[in-house]
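A.B. asks: Okay, here's the prediction I keep looking at, along with the sequence it came from:
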Amino acid sequence: MLTISQETLGKVRKMEGEIIGSSLKTDREFIIEKEGTKGLKKVEEEMERLGYPLEYEKIDKYKWYPVQQDFLSLFLTQKIFNWDRETIREWGRWGAKTNFIIKLIARLVNKETISKMASKYWRRYYTKGEIEYKLDYKNRIGTATIKDFVIYNVHLHYLEGYFYQIMCLMVSSENLKVENIETGEKNVHQFKITW
Amino acid sequence: MEDKKNTENLLKMAVKDLEEVERYMKELSSFLPLAVCTINPLGIVLVTNSAFHSLTGFKEVEVIGEKIENLFLNKKDFDNLIKSKALKQGIILKKETVLLTKDKKGIPVSVAISTRVDENKSFLGYFIAISDISEFEKLKQELEKKVGERTKDLKSSNKEVERSRNALMNILEDVEEAKTEAEDERDKTLAIFENFPEGILFFDSDNNLLYANNIVGDFLGMDIKEDIGQSIQSLKKISNLKPLVDIIGVDIKQIDKKELELKNDLILEISSILVIRENRKIGILVILRDITREKIVERLKTEFVSISAHQLRTPLSAVKWTLRMILDGDLGEISKDQREFLLKTYKSNQRMIRLINDLLNVTRIEEGRFIYNTKKQNIIKIAQEVVNSCSALVKRKKLKLSFQKPKNKIPNIEVDPEKISIAFQNLLDNAIHYTKPGGTIKFSIKYLKNKKEIFISVKDTGVGIPEDQKKRVFKRFFRAANAVKTETVGTGLGLFITKNIIEAHHGKIWFESIENKGTTFYFTIPIK
């Protein structure tokens, strides 16, 4: 049986905000891709046991779901299957690649508009928090900063992959790196982007 | 409250519409047989469809975010394409290149690319459609290979054809030359035929007139050229041609020197010769020869001979009887020397009389005045008389003459005894004169009951007739060279007269002879 510390569980309970169903839908597909439907079932059982039942099959892509379910989906999957950081990043990239909303947005985004449109599209994913993109194309460096949003390690790794994939649309992926960096500020998470 | 409810309803409807749009896009993506992808301005793949995955072997997650150029064997191909000015002007470009699949296999593809812009015409990237042309390329290569092979074959064939053509041209030139020569030859031959002094008609194997030269028309007093192509039956209906057709017959027999006397005192000698090539009758040639002048000359000659002979015979008869009287002593005694001289003179006179008689007979024959007074006669008796008349000479020449008669009695036959006697006499005289002393002569008469004819033969062991002269034996005045050497005296008319006599009796005469071995003359006389 998987254990989650009471501390973590307590933090989860305090998390605020909602996530769009389509994001959770991409989680389902990735878990099936990696662990099959049996693996998915394990995750569902564990979430139910913890009191956050989620039937991935029935997720409505255009409905909002508690952000706790997103966090637990990531956290428990990583724990159940003991995925490493790189797999979580891959998960993030997967999410950016397969999410229908991202697909729609990606057609319209370019390096001139991404900074301006990032906040707007954050809202299409989450009801809580905000994002700020700063990109210096000349020096091939930038940051993506998420504010007012509770994130834990596994989620940070997921977002590293996610932002990496978004950046892939605008810069060469040859030397692209996206890393979470400490900000020292509460509920502020920053990702350093170099390429 | 009401507004919130309305907003929620609108939101629900929008979500539903969005779901519909997504489903539609998925359906469209799955249905499209063409591999399509959307890329951003940097050439990063944003969206792909099912056909794209099938073609490349990549799953969507494997290719999204990747540079599209990595999918092509020659990255510059794609780079050049997106840098094209035409593309930026909104023109859809196409290029054939090689796509690299997930398993690094190269597929020949045709790539179509167009630009994407937003509502403000801002550049957003590209749409790319990729179609697999591997089958097409394969077909193209096969076709090119086949075309190459065919071209090679054709080149080879062309050379062969060229050679054949040259050979053919040479043959054609030869044929043309041969044709010209043949035409020249034909023209020459025709010119010869046209100007030939004798009339020439050529009938084909079906007896249709194919050719007649001008002189035929002159002979017959008509334009014969107009009747070329007509059958012999049709020609017979033409009055000018009828006498000729009567002679040659509607079946055009082979004839030799038949005479045709036309109304205008023209006498033609008609001969027809079968023309055979490779054992096949191809036609018949009829030759008309004008013998009018020859006939006139012949007639004049015959008349002259006749008159001369008559005029000569009278004094010769007077000489004969005068000499006879002197030799018989009716005019007194003569010395032995005188008798010898007179006897020689008498014999010479006799030969002269016989010659005159022969000449007269010949002229009669030629003039058709050799009258035959036939009556039933005993041919054996006639023959015996001739044999008896020859016995003194046979004895003098020390020859052995045998006369073989039929054992049984033979019927009397219808003959002119005088003429038949001449025929027997001539044959026996020849046998006696041209057989050396000691030789034998066999005179034989047989009765061939089944054939209803009398068969007569006179066989000698004489000098014979040279092979090269046999054909002329029955001609007037002909004497074989060895006969002249053996017997200087002779008119060369005996066999001519004999033949005419036998034929006048509807009989046939022929001979067998070997030079220096002897000759046998045969003739038959039918019993009527």
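C.D. replies: It's in.

A.B. asks: quick check: longest helix of chain A.
C.D. replies: Ranked by number of residues, the top helix in chain A under DSSP state H is helix A:21-49.

A.B. asks: Sketch out the low-pLDDT regions of chain A for me.
C.D. replies: In the predicted model, chain A carries pLDDT under 70 at residues A:1-3.

A.B. asks: Pull the distance from the helix or strand of chain B with the lowest mean pLDDT to the chain's centre.
C.D. replies: Least confident helix or strand of chain B, by mean pLDDT, DSSP states H and E, is helix B:85-88 with a mean of 73. When distances are taken as C-alpha atoms, centre = their mean, to the nearest Å, helix B:85-88 is centred 83 Å away from the chain's centroid.

A.B. asks: what about residue 158, helix or strand, and which?
C.D. replies: Because you didn't say which chain, this covers chain A. helix A:153-168 (DSSP states H and E).

A.B. asks: The chain in question should be chain B.
C.D. replies: helix B:134-195.

A.B. asks: helices and strands around that helix, which ones?
C.D. replies: When contacts are defined as 3 or more C-beta pairs under 8 Å, 6 or more residues apart in numbering or on different chains; DSSP states H and E, helix B:134-195 packs onto strand B:106-117. Yep, even glycine has a C-beta here, placed from its N, CA and C like the rest.

A.B. asks: Let me know how buried the residue in the stretch 251-400 of chain B that chain A sits nearest to is, in neighbour terms.
C.D. replies: Proximity of the stretch 251-400 of chain B to chain A (C-beta to the nearest C-beta) peaks at residue B:278, 96.6 Å away. Per other C-beta atoms under 10 Å in any protein chain shown, the neighbour tally for residue B:278 reads 5.

A.B. asks: Please report how far residue A:71 lies from residue B:97.
C.D. replies: Separation of residue A:71 from residue B:97 (C-beta to C-beta, to the nearest Å) stands at 46 Å.

A.B. asks: oh, I was asking about residue B:62
C.D. replies: Distance from residue B:62 to residue B:97, by C-beta to C-beta: 21 Å.

A.B. asks: Look up phi and psi at residue B:519.
C.D. replies: phi -140, psi 150 (degrees, to the nearest 10).

A.B. asks: ok, it touching residue B:512?
C.D. replies: Yes - Residue B:519 lies in contact with residue B:512 (C-beta atoms under 8 Å); the separation is 7.2 Å.

A.B. asks: More neighbours: which of these two?
C.D. replies: residue B:519 (25 against 14).

A.B. asks: tell me the SS of residue A:183?
C.D. replies: For residue A:183, the assignment made with DSSP: H, G, I helix; E, B strand; the rest coil gives coil.

A.B. asks: can you tell me which residues contact it?
C.D. replies: Residue A:183 makes contacts with A:145, A:189-190, as judged by C-beta atoms under 8 Å, 6 or more residues apart in numbering or on different chains.

A.B. asks: and if we set it to 7 Å?
C.D. replies: For residue A:183, the contacting residues are A:189-190, by C-beta atoms under 7 Å, 6 or more residues apart in numbering or on different chains.

A.B. asks: swap in residue B:511?
C.D. replies: B:473, B:519-522.

A.B. asks: PyMOL command for the buried members of the residues you listed?
C.D. replies: A single PyMOL command is used to select the members of the contacts of residue B:511 judged buried by 16 or more other C-beta atoms under 10 Å in any protein chain shown:
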select buried, chain B and resi 473+519+520+521+522
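
A.B. asks: Reformat the contacts of residue B:511 as JSON lines; add distance to chain A, secondary structure and pLDDT.
C.D. replies: What follows is the contacts of residue B:511, written out as JSON lines (distance: C-beta to the nearest C-beta, whole Å; DSSP: H, G, I helix; E, B strand; the rest coil; pLDDT from 0 to 100):
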{"residue": "B:473", "distance to chain A": "132", "secondary structure": "coil", "pLDDT": "92"}
{"residue": "B:519", "distance to chain A": "136", "secondary structure": "strand", "pLDDT": "96"}
{"residue": "B:520", "distance to chain A": "134", "secondary structure": "strand", "pLDDT": "97"}
{"residue": "B:521", "distance to chain A": "136", "secondary structure": "strand", "pLDDT": "97"}
{"residue": "B:522", "distance to chain A": "133", "secondary structure": "strand", "pLDDT": "96"}
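
A.B. asks: Columns distance to residue B:188 on top of the contacts of residue B:511, output as JSON lines?
C.D. replies: Formatted as JSON lines, the contacts of residue B:511 follow (distance: C-beta to C-beta, whole Å):
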{"residue": "B:473", "distance to residue B:188": "40"}
{"residue": "B:519", "distance to residue B:188": "48"}
{"residue": "B:520", "distance to residue B:188": "50"}
{"residue": "B:521", "distance to residue B:188": "48"}
{"residue": "B:522", "distance to residue B:188": "48"}
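
A.B. asks: which of the contacts of residue B:511 lies closest to residue B:460?
C.D. replies: Among the contacts of residue B:511, residue B:519 lies closest to residue B:460 (C-beta to C-beta), at 5.8 Å.

A.B. asks: hang on, isn't that closest one packed against residue B:513?
C.D. replies: Yes - here residue B:519 reaches residue B:513: they are 3.9 Å apart, a contact under C-beta atoms under 7 Å.

A.B. asks: any shared contact partners between those two?
C.D. replies: B:464-465.

A.B. asks: following the helix holding residue B:158, which helix or strand shows up next?
C.D. replies: strand B:199-204.

A.B. asks: Report the angle between that next one and helix B:134-195.
C.D. replies: 140 degrees (axes from the mean of the first three to the mean of the last three C-alpha atoms, to 10 degrees).

A.B. asks: what's strand B:199-204 packed up against?
C.D. replies: Applying 3 or more C-beta pairs under 7 Å, 6 or more residues apart in numbering or on different chains; DSSP states H and E, we find strand B:199-204 packed against strand B:209-212, helix B:214-220, strand B:280-290.
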